[in-house]
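Chemist: from the sequence below, what's the structure:
(chains A and B)
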There are 2 protein chains.
Amino acid sequence: MLKSMLNHQSVDRVFRALAEPTRRAIVERLSAGPVSVSELAKPFDLTLAAVVQHLQVLERSGIIRSEKVGRVRTCRVEPGGLGLAEQWIAERRTVWERRLDRLGDLLAADEPEQQPPARKGRKS
Amino acid sequence: MLKSMLNHQSVDRVFRALAEPTRRAIVERLSAGPVSVSELAKPFDLTLAAVVQHLQVLERSGIIRSEKVGRVRTCRVEPGGLGLAEQWIAERRTVWERRLDRLGDLLAADEPEQQPPARKGRKS
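Modeler: Down below sits the predicted model:
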């Protein structure tokens, strides 16, 4: 129960983090390799402070992590960090596809031409 | 270029729609089958107007659709509606995994024990 609640909160953090175009652009950039914060900030028309805030949201959600060596903080994608969002979507698709399969089975059972010809009339 | 921009906007709409726990709960409920708006609203401690607003956000993002027959509006999951978000995540993972593969190749090429023993010392 507690685990499920914590998981709900984590899924929420991941989707909230991804609901902002600048943060998705940062994840796109970091997928290609680790980058320093100042390098990451260059293409965006934002203050360094604003970029750092976006990075904090991404780091708290577990999508990226960062490490400071000397005066340089480097960010990288966290392996499996996007996994919670991917899993949530895949679970919805599974439930939905199973339902369609059951509907398909029901429809097939209703079609008389699917039965062997000898039993068609149910009279033999 | 225009297509890419429109796609960015759609990805944005899908992630924004999913960044809200009530809307995700609605999608979870609808994955199991179509439901009327009033039935959907029951488990939530929200006004019907608030639920309708959430449904409009989900419908504009293409995740669900609704249809009014008589006085009853029924909602259902839109096939492939979550696909844009799933695709965006899968693309990030692909870029990231390819980079890891290249790193793995580089490391393997650097390991002398991977070479035949006769060439180990590079002196022969």
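
Chemist: which residues does residue A:72 contact?
Modeler: A:36, A:37, A:38 (CB atoms under 8 Å, 6 or more residues apart in numbering or on different chains). Where C-beta positions appear, they are placed from N, C-alpha and C, glycine not excepted.

Chemist: what comes up buried for stretch A:27-44?
Modeler: A:27, A:29, A:30, A:31, A:34, A:35, A:37, A:40, A:41 (16 or more other CB atoms under 10 Å in any protein chain shown).

Chemist: quick check: the gap between the last one and chain B.
Modeler: Distance, residue A:41 to chain B, using CB to the nearest CB, to the nearest Å: 20 Å.

Chemist: spit out the contact partners of that residue.
Modeler: Counting by CB under 8 Å, 6+ apart, residue A:41 has contacts A:48, A:51.

Chemist: do the first one as well
Modeler: Counting by CB under 8 Å, 6+ apart, residue A:27 touches A:18, A:58, A:63, A:64, A:77, A:82, B:92.

Chemist: what about the contacts of residue A:72, which are in strands?
Modeler: Per DSSP state E, strands hold the following members of the contacts of residue A:72: residue A:36.

Chemist: among the contacts of residue A:72, which one sits closest to chain B?
Modeler: residue A:36 (17.1 Å; CB to the nearest CB).

Chemist: so what's that closest one bridging to?
Modeler: For residue A:36, the beta-bridge partners are residue A:74 (DSSP bridges).

Chemist: isn't it up against residue A:73?
Modeler: Yes - judged on CB atoms under 8 Å, residue A:36 makes contact with residue A:73 at a distance of 6.6 Å.

Chemist: and the host helix or strand of residue A:50, what's buried?
Modeler: Take DSSP states H and E as the rule and residue A:50 turns out to sit in helix A:48-60. By neighbour count on 16+ other CB under 10 Å, the buried set for helix A:48-60 is A:51, A:54, A:55, A:57, A:58, A:59.

Chemist: ok, now stretch A:67-74?
Modeler: For stretch A:67-74, the neighbour count (16+ other CB under 10 Å) marks residue A:74 as buried.

Chemist: start to end distance for it?
Modeler: Using CA to CA, to the nearest Å, the end-to-end distance of stretch A:67-74 comes to 5 Å.
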